[in-house]
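Enquirer: dropping a prediction and its sequence here:
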Amino acid sequence: MLELSDLSSSANPLSCRKTLTLWYHIAMRQEAELVPYVTTRLAGSPLLVLAPHPDDEVFGCGAVLLEAVRSHAENHVVIITDGDAQGDPEARRGESREAARRMGSSEPEFWAFRDRSLLPSDPRLLDRLRRKIDEVKPELLLAPSPAEMHPDHRALALATYRVLRACPPGSLHPEFRLAAYEVSAFLRPNVLIDLTADWAQLVHAAEAFGSQNTVRPYLEVLDAVTTVHRLTLPAETTRAAAYHLSDHQFIIDNSATQWASQLGPSAGLTSDDPESAEKACSTSFFRRLKQSLGRPR
């Protein structure tokens, strides 16, 4: 077996460089190991979608919901927060209902947690997630990626993963899979869905969120992200949605930090214990606040 120490003793620098290049390319993972080169149909029944805010169920999960409707799959959508940090909660609920009508999916269920309040160790959130998963017994569960930027997205990702890790083997659907989705930050996908045929309907559903699209360029971001994901796909694929799939055995065997490392930068996740992560974030915040108080204005 080739060792790096063998290279340093080589009398010929050119030969050494060629050997090192060969060693690097043998050891390095190739593109096809890091990103799909073909699209896949992502489906499951029952389907359970967990959305942090009213609109994430479409911008992050619309591709899967449209497939669920087409295949007549049982589908459930839960919107966790009231979205009041960026609009009127009742208006935002109405937009989610209208988007569901445009897609043909089931009407969302609203839990009305306070926007920007989610914590991955909140007993109320964990209990409701546990009971909902037990009630629906989803074959496919969609939750935000832990690589997302918004703190509610990351908190919901970690809370969901925590609940699933605690589920005994055999307690979930026999074909259970967790699909992490992206909204505000790219994830590293192991599944790409061809959106070419569904693009117009997805945009029509996304346009229902008028109160949000006037605040942020969400439609333009959706267009850009789904265009980027066609990079490794055939030319006839004009849009693609990205997800990262994990089965229950992976979840049992791997911590939240290990899961997050598979998806991309984990936005400050440095502990497998959500409570420790929250404590670390809080300590860091107060340290920065104390430092800023002593600075001249």
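Expert: Arrived safely, thanks for sending.

Enquirer: what bits of this protein have low per-residue confidence?
Expert: 1-11, 266-297 (pLDDT under 70).

Enquirer: all helices of it, in order?
Expert: Counting by DSSP state H, the chain has helices at residues 4-8, 13-27, 31-34, 56-59, 62-70, 89-103, 123-136, 151-166, 199-206, 210-213, 218-228, 248-253, 256-263, 274-293.

Enquirer: can you show me the CA trace of the third one as CSV?
Expert: As requested, the backbone C-alpha atoms of helix 31-34 are provided in CSV (Å, rounded to 0.1, in the frame of the first residue of the first chain):
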residue,chain,number,x,y,z
GLU,A,31,-18.4,13.9,-7.8
ALA,A,32,-20.9,11.2,-8.3
GLU,A,33,-20.3,10.1,-4.6
LEU,A,34,-21.2,13.6,-3.4
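
Enquirer: which residues sit against that helix?
Expert: 37, 188, 232 (CB atoms under 8 Å, 6 or more residues apart in numbering). To be clear about C-beta, it is placed using only N, CA and C from the backbone, and glycine gets the same treatment.

Enquirer: the first one: neighbour count?
Expert: Counted with other CB atoms under 10 Å, residues neighbouring residue 37 total 11.

Enquirer: from residue 138, how far off is it?
Expert: 28 Å (CB to CB, to the nearest Å).

Enquirer: tabulate the helices of the chain in JSON lines, adding columns for distance to residue 47.
Expert: Shown next, in JSON lines, are these (distance: least, CB to CB, whole Å):
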{"stretch": "helix 4-8", "distance to residue 47": "49"}
{"stretch": "helix 13-27", "distance to residue 47": "39"}
{"stretch": "helix 31-34", "distance to residue 47": "27"}
{"stretch": "helix 56-59", "distance to residue 47": "11"}
{"stretch": "helix 62-70", "distance to residue 47": "5"}
{"stretch": "helix 89-103", "distance to residue 47": "12"}
{"stretch": "helix 123-136", "distance to residue 47": "9"}
{"stretch": "helix 151-166", "distance to residue 47": "15"}
{"stretch": "helix 199-206", "distance to residue 47": "16"}
{"stretch": "helix 210-213", "distance to residue 47": "24"}
{"stretch": "helix 218-228", "distance to residue 47": "20"}
{"stretch": "helix 248-253", "distance to residue 47": "16"}
{"stretch": "helix 256-263", "distance to residue 47": "20"}
{"stretch": "helix 274-293", "distance to residue 47": "26"}
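
Enquirer: of those, flag the one that's most buried.
Expert: Ranked by mean neighbour count, the helices of the chain are led by helix 56-59 with a mean of 28 (mean count of other CB atoms under 10 Å).

Enquirer: from the chain's centroid, how far away is that one?
Expert: Here helix 56-59 is found 11 Å from its chain centre; the criterion is CA atoms, centre = their mean, to the nearest Å.
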